[in-house]
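**Q** sequence first, predicted model second:
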Amino acid sequence: MVTRRPQRGAVTAETAMVLPILVAVTVLMVWVVSVTVAQIRAVDAAREVARALARDEPEVDARAVGARVAPAGARIDIAVGDDLVTVTVVAAVSGPGGWLSRTVAPQVRATAVARREGVP
């Protein structure tokens with residue numbers, strides 16, 4: 001006859017072992033999503049600033065539009081040529097909740113180029 005050992009507490013112990021890994025994976029996924037969103041915002045900001053400057057709007061107004069769209073703390077670099085406007089937006093993305101503040105924050109970068117209107 002086979003005797004069975006009681007399995008009480010086995011599920012609790014397994015959950016306690018796996019739970020930190022699940023939390024770490026969840027935090028990593030949130031961070032990846034936040035980096036992706038920051039990249040999209042940087043692309044949108046660069047494009048909006050380039051369009052505004054291509055329409056000969058004042059640089060102050062164009063920067064204000066870009067700052068509103070760009071991720072927090074983004075740097076907006078503008079280069080205006082004879083017929084082209086080039087805008088680069090660079091921003092650092094911190095970890096979710098400041099948990100990963102001691103690690104190097106990844107940077108997102110986006111560049112947009114627009115032809116100036118009214119220039120032959």
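**A** That came through fine.
**Q** skip ahead from the helix of greatest length in the chain and say which helix or strand is next.
**A** With DSSP state H applied, the helix covering the greatest number of residues in the chain is identified as helix 10-54. Toward the C-terminus, helix 10-54 is succeeded by helix 59-69 as the next helix or strand (DSSP states H and E).
**Q** output the below-cut-off pLDDT ranges for the chain.
**A** Residues of the chain that meet the criterion pLDDT under 70 lie in 1-10, 96-104, 119-120.
**Q** what angle do the longest helix of the chain and helix 59-69 make?
**A** An angle of 170 degrees separates the directions of helix 10-54 and helix 59-69 when computed by axes from the mean of the first three to the mean of the last three Cα atoms, to 10 degrees.
**Q** Gln39 - nearest residue in space that isn't next to it in sequence?
**A** When the adjacent residues along the chain are set aside, Gln39 lies closest to Val108, with 4.4 Å between them (Cβ to Cβ, 6 or more residues apart in numbering). Glycine gets a C-beta too; all of them are placed from N, C-alpha and C.
**Q** middle-most residue in the protein, spatially?
**A** In the chain, the residue lying closest to the centroid (Cα atoms, centre = their mean) is Ala38, at 2.1 Å.
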